[in-house]
Structures are given as C-alpha cells and as structure tokens.
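compute the structure for the input listed below.
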Amino acid sequence: MNKKGFLIFVFLFSLIFYLSPKGLIIESKDASNRSFEDYNALFKQCPFEVKVSSYQYRLAHYVSFTIVGGNTILANFTLEGVTGEYLCLSDGILLYAYYPGDPLGDTSMLFLDYNLTKVWERKFSGMTLPQYYENDTLFFIKHGSYEQGVKSCIYVVNATTGGVITEICPSIPGGFVISNVKIIEDGLYFVATYVETKFLWVRTNGDLYLIEESNVRKARVASIDGSALGAGFWVDANDKYVAVAYFLANEGGKQKNGLCVFTSKHLVKIACKRLDKTPDAMKLEDRMVYIKFRNGSVGTYKIIAP
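Residues are numbered from 1 along each chain as shown. Here you go, the predicted model:
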C-alpha cells in the first residue's frame, strides 16, 4: 500500500471509529419509587407570605405582589406582565413578571432583601426565567422561538447587584430554543434546538453544548425531518458521562423518543437508545440513568462503557 492509500485508510478508520458507538445502554430493573426532585430547585422557605394577583389597566398588564407577615401587609410592589412568580433565596426575594407563551414579551424583575428593601430592579428582553441559584449567582434562560426567529440565551447574574456576569448565546442562524441547563463546577451543559433549512428539505436538530470558560464543544443528540411541533431535552452529567433524554415530534405526526450518552469532557457519543415512551424527567447517577415518562412509569438504564 502506497503512502497516499495508507493515509486514506487511516482517515477512514478514524472516521468510522469516531462515528461508531463506544458502548451500550441496556435497560435494567424498574425504579418506580425514585425521586426526581429537580437538582437546581430554587425555592427556599419564605419568611413571609407573598400574594400574587394580576390586573389590566387600559392596554397594559400588571402583576401585584403583596407581602404579608402575620395578618399585616408589610409591602406591596407592582411589575409589568401577565403572570407573576417569586423565589425566596438565601440573599432575599426575587419577584418577576412575564408574558407566558410570548418570547417577545419583556420580563420585569425586582430583588428585595429580607428587610423588604429594594436592592435592584431590571428588565430582560423576551421571556427570561430563573433556572438555578448558587453562591449568590442566578442563572436565567431567555426562551427562544424558531417560528418567530427569537434566539435563546443564558444569563448569569450577580444576585447582589443584578449585573450580568456572563451572557451565553450560541451562534446559530435564526431562532432556537435552549432546553434544560446542567451546571458543573467550571462550566455548564445545555441542549439547543433549532430548525435547519437547505434547498428543498427542513430538519430540526438538537445539539448538546459544553461551555467551559471560553471553550465551546458541541455534539448532535438527535434530529427529525421537518419543523418540530414539540421538543424536549433533559440533561444531567457527572465526571464521566453526560446523559440526554429527549423527544422530537414533527408536523407529519412522527415522533422520536430517545436517550443518548456522551463523554463528559469531549462530548464523544458513547451510545444512543430509542425509547417507546415520552420522557418527562431524567437523572444520572454513576452509570445509571433514570427516566420518568409522561405516563408516570420510570425506566432504568445502565451505561456499559470504558
């Protein structure tokens, strides 16, 4: 074999090795009693009762937050929006109001300390909701839309000042949606879903991202022909693996449900498995993946890999 032929052989072998599965996912025993409490749950026990009510004045919508201690009204705050929610955190109370289902509607926020003094107030463009809180840091996801061309972003915010520390917006043409975020010690994982159009075909893709400081890695999780009418991705990770459970449904009535596992550092795809039910939550523990389905059942899957 000449040198050129040898190089072609090495290239093809490396390509096949890279694209081929590096392990297996096998179904194991049922885990119906397993808890799927969200690892990034934000809620703390509130020292006050917060009553939330909405009203409309002319064409504008507002949300009123009334803070009550005992039978006494301690404070009242109003934000612009249709739906209002609040979070009690270790540093204070976050009040926010938004327009549900409208990725173009702004989100208004107000952060109070536990003396009910206003610490900061700000608006985010688009429907931007809190996802995670840790060490005086809030993580928000701006909800995107392929149909309306709205790009999804992740904002890392200093809870003390309200200032944006980091803004993460993947470089994807057109609108896209970020589904689920898994925070790790020195970075984060998430899946971005977007519609790709080339000549006469349309496809919806779900790509897994790993952001570590200025380094970005990504890998394809799954695709479906056409523009997805429904999509969901759930991400969890440990020091060896990243697991992604997903569903994709298109306008033709086709649906894909699946589970894929990648290496944690380089996002090399280890294996994927088709599922016969639609996922609703997922948890990774060591080599075991637990998936809660929409019908209430729970599936257990073992990763067989180096």
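
these two touch, right, residue 217 and residue 266?
Yes - counting by C-beta atoms under 8 Å, residue 266 is a contact partner of residue 217 at 6.6 Å. Just so you know, the C-beta spots here come from the backbone N, C-alpha and C atoms, and that holds for glycine as well.

out of the two, which sits in the more crowded spot?
residue 217 (16 against 9; other C-beta atoms under 10 Å).

let me know the helix or strand that the more buried one is in.
Residue 217 belongs to strand 215-225 when assigned by DSSP states H and E.

buried residues of that strand, list them for me.
With burial defined by 16 or more other C-beta atoms under 10 Å, the residues of strand 215-225 counted as buried are 217, 219, 221-222, 224.

for stretch 44-60, same thing?
48, 50.

returning to that earlier point: of the buried residues of strand 215-225, just say which sits nearest to residue 187.
Nearest to residue 187 among the buried residues of strand 215-225: residue 217, at 9.6 Å, using C-beta to C-beta.

list the contacts of the closest one.
Residues counted as contacts of residue 217 (C-beta atoms under 8 Å, 6 or more residues apart in numbering) are 209-210, 266-267.

just give me the closest of the residues you listed to residue 98.
Of all the contacts of residue 217, residue 209 has the smallest distance to residue 98: 24.5 Å, by C-beta to C-beta.

now for that closest one, how many residues are close by?
Residues near residue 209, counting by other C-beta under 10 Å: 21.

list the contacts of the one helix or strand it maps to.
Element membership of residue 209, judged by DSSP H and E, is strand 201-212. Under the contact criterion C-beta under 8 Å, 6+ apart, strand 201-212 has outside partners 146, 168, 170, 179, 186-196, 216-228, 231, 233, 235, 242, 244, 246, 248, 250, 262, 265, 267.

which of the residues you listed are buried?
Using 16+ other C-beta under 10 Å as the burial test, these include 146, 168, 170, 179, 187-195, 217, 219, 221-222, 224, 226, 228, 231, 233, 235, 242, 244, 246, 248, 250, 262, 267 as buried.

lowest average confidence, helix or strand, in this structure?
Within the chain, no helix or strand scores below helix 3-19, which has a mean of 48 by mean pLDDT, DSSP states H and E.

now the following helix or strand past that helix: how far from the chain's centre is it?
Scanning forward in sequence from helix 3-19 by DSSP H and E, the next helix or strand is strand 24-27. Distance, stretch centre to chain centre, for strand 24-27: 25 Å (C-alpha atoms, centre = their mean, to the nearest Å).
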